[in-house]
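Peer 1: The sequence and its predicted three-dimensional model are supplied below.
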Amino acid sequence: MGSEGPKAITIHVTGFKKFLGVSENPTEKIAKNLKSYVEEKRGLPSGSSLGSCTVLEAAGEGAKSHLYEVLESYTVVSGDKTSNATVVWLHLGLNSGATKFAIERQAVNEAHFRCPDQLGWQPQRIPIVIEDGSITKAKETSCSTESILKLLKNKGFDVVESDDAGRFVCNYVYYHSLRFAEQKGHKSLFVHVPLFSKINEDTQMQFVVSLLEAIATTC
């Protein structure tokens, strides 16, 4: 009795490479520099750790294949742990028109790309996963977005909740991740960030570290 201890949380992070009209995707730089930034600053709350940091292709099928490689590889590792461990997948994406951060509550089973992705694919109003049904079906994160939002606002960040992750690659990846998380007992969350010209790089790095802390605290 009482030997289980605090719940261990491992948070894996993904970002995206450049895409049409965006020569530098801030989420690529954040994902590449996050581990060293966390180590240089103060680390994460006790019992929580930063796992993998992966940069995905800004393309539906290209991102999907890489995403599942990463998801499956860490499922094998986490499968050896006890049920006292939580795995969280945090996906960062760019909204080039935004001026604040947005925590996405859900993804929709619809691929409707406004322009071709980096591999030239441009689906129009098709289900992301056919066996899941219509393009109106949505999957919601099991993370407490309201609690995460409150913690981030208390630290002074300009952040909102959102029910619309778009229909481009971000939504495509998020839907697959939420579906995978449901099946494996993991958690998944997507957060949109602005361009560095709207919110500078250091502030965005501080935000993501605070976001990791908020996830560790609320999960």
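Peer 2: It's in. Numbering: from 1, shown residues only.
Peer 1: pLDDT averaged over stretch 21-34 - what is it?
Peer 2: Throughout stretch 21-34, pLDDT has a mean value of 93.
Peer 1: so how far is that stretch from its chain's centroid?
Peer 2: Here stretch 21-34 shows a centroid-to-chain-centroid distance of 14 Å under the convention CA atoms, centre = their mean, to the nearest Å.
Peer 1: what do you get for stretch 181-199?
Peer 2: In terms of CA atoms, centre = their mean, the centre of stretch 181-199 is found 2 Å from the chain centre.
Peer 1: Give the buried residues for it.
Peer 2: Buried residues in stretch 181-199, counted by 16 or more other CB atoms under 10 Å: 181, 184, 186-196, 198-199. Every residue, glycine included, has its C-beta placed from N, CA and C.
Peer 1: Just the ones of the residues you listed in helices?
Peer 2: Residues of the buried residues of stretch 181-199 located in helices (DSSP state H): 181, 184.
Peer 1: Would you point out the most distant pair within the buried residues of stretch 181-199?
Peer 2: Across the buried residues of stretch 181-199, the longest distance by CB to CB is 34.9 Å; it joins 184 and 198.
Peer 1: Which positions within stretch 139-155 qualify as buried?
Peer 2: Buried residues in stretch 139-155, defined by neighbour count with 16+ other CB under 10 Å: 139, 141-145, 148-149, 151-152.
Peer 1: likewise stretch 160-178?
Peer 2: By 16+ other CB under 10 Å, the buried positions in stretch 160-178 come out as 162, 165-178.
Peer 1: Which pair of the residues you listed spans the longest distance?
Peer 2: Spatially, the most separated pair among the buried residues of stretch 160-178 is 162 and 176, at 18.6 Å (CB to CB).
Peer 1: Across the sheet, point out what pairs with the most centrally placed residue in the chain.
Peer 2: The residue lying closest to the centre of the chain (CA atoms, centre = their mean) is residue 91, at 1.5 Å. Residue 91 forms beta bridges with residue 14, residue 190, as assigned by DSSP bridges.
Peer 1: contacting residues for it?
Peer 2: 13-14, 170, 173-174, 177, 188-191 (CB atoms under 8 Å, 6 or more residues apart in numbering).
Peer 1: closest to residue 133 among those residues?
Peer 2: Set against residue 133, the nearest of the contacts of residue 91 by CB to CB is residue 174 (17.3 Å).
Peer 1: and that closest one, what element?
Peer 2: Assigned by DSSP states H and E, residue 174 falls within helix 169-184.
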